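Enquirer: Dropping the sequence and predicted coords here.
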Amino acid sequence: MRKSIANITMKNTKNNNKGKKRIVKVTKEGQAHIQATFNNLIISITNESGQVVTWSSSGKMGFKGSKKNTPYAAQMASADCTKAAYELGLRNVNVFVTGAGIGRESAIRAIQDNGIQVGSISDVTPLPHNGCRPPKRRRP
C-alpha cells in the first residue's frame, strides 16, 4: 500500500531566513489544533510531525469584535481551513482543543462536515494543579 504525499512550499517569515522556502509534506493523516479563547478562535491543521499545513481564524474570516467568539464564526473558520487541507490530500485528523471559548464543538463538527474524519478529540487546556500564591490579606 502506497501513501500519497503532497508537497507544498511555504515562505519562512523569520527575518534571518528571508527568501528561503520551507517544504511541508502532507500525508493522509494529521492533527487539528483548535485554540478557543474568549475573544477569537484559531484553527491550525498540521501534518504528523507538527508542521502547519493550513490555518484560519475567526478574524481572518472577516468577523470583528464580539462576533469573533460565536459558534458561527468558528464554523466558518474551521470550514475554510478544512477545505484547504482536504485539497492537499489530508483525510484523517486527531483534534486537540485548547481554551474555554464557546465555538469548540461547532469547529469540530465543521471539520467532520467537510470530509475529514476525526479520529480522537483531546482537551489539552493547561490547568494549574495548585496555582500561584494568593496575595496577602487586606489590613483593616
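Expert: Structure's in. What do you need?
Enquirer: what about residue 59, distance to residue 123?
Expert: Using CB to CB, to the nearest Å, we find residue 59 at a distance of 23 Å from residue 123. Heads up, the C-betas are built off the backbone N, CA and C, glycines and all.
Enquirer: Same drill for these two, tell me which one is more crowded.
Expert: residue 59 (17 against 13; other CB atoms under 10 Å).
Enquirer: List the residues that contact the more buried one.
Expert: 40, 68 (CB atoms under 8 Å, 6 or more residues apart in numbering).
Enquirer: Pull up the gap between it and residue 51, please.
Expert: Per CB to CB, residue 59 is found 23 Å from residue 51.
Enquirer: After the longest helix seen in the chain, which helix or strand is next? Please name it.
Expert: The residue-count maximum for a helix in the chain (DSSP state H) belongs to helix 71-88. Note on helix 71-88: by DSSP states H and E, the next helix or strand toward the C-terminus is strand 92-98.
Enquirer: List the buried residues of that following strand.
Expert: By neighbour count with 16 or more other CB atoms under 10 Å, strand 92-98 contains the buried residues 93, 95-98.
Enquirer: if we can go back for a sec, buried residues in the longest helix of the chain?
Expert: Those buried within helix 71-88 under the rule 16+ other CB under 10 Å are 71, 73-82, 84-86, 88.
Enquirer: cool, stretch 106-125 as well?
Expert: Residues of stretch 106-125 classed as buried: 106-111, 116, 121 (neighbour count, 16+ other CB under 10 Å).
Enquirer: from the middle of its chain, how far away would the longest helix of the chain be?
Expert: 10 Å (CA atoms, centre = their mean, to the nearest Å).
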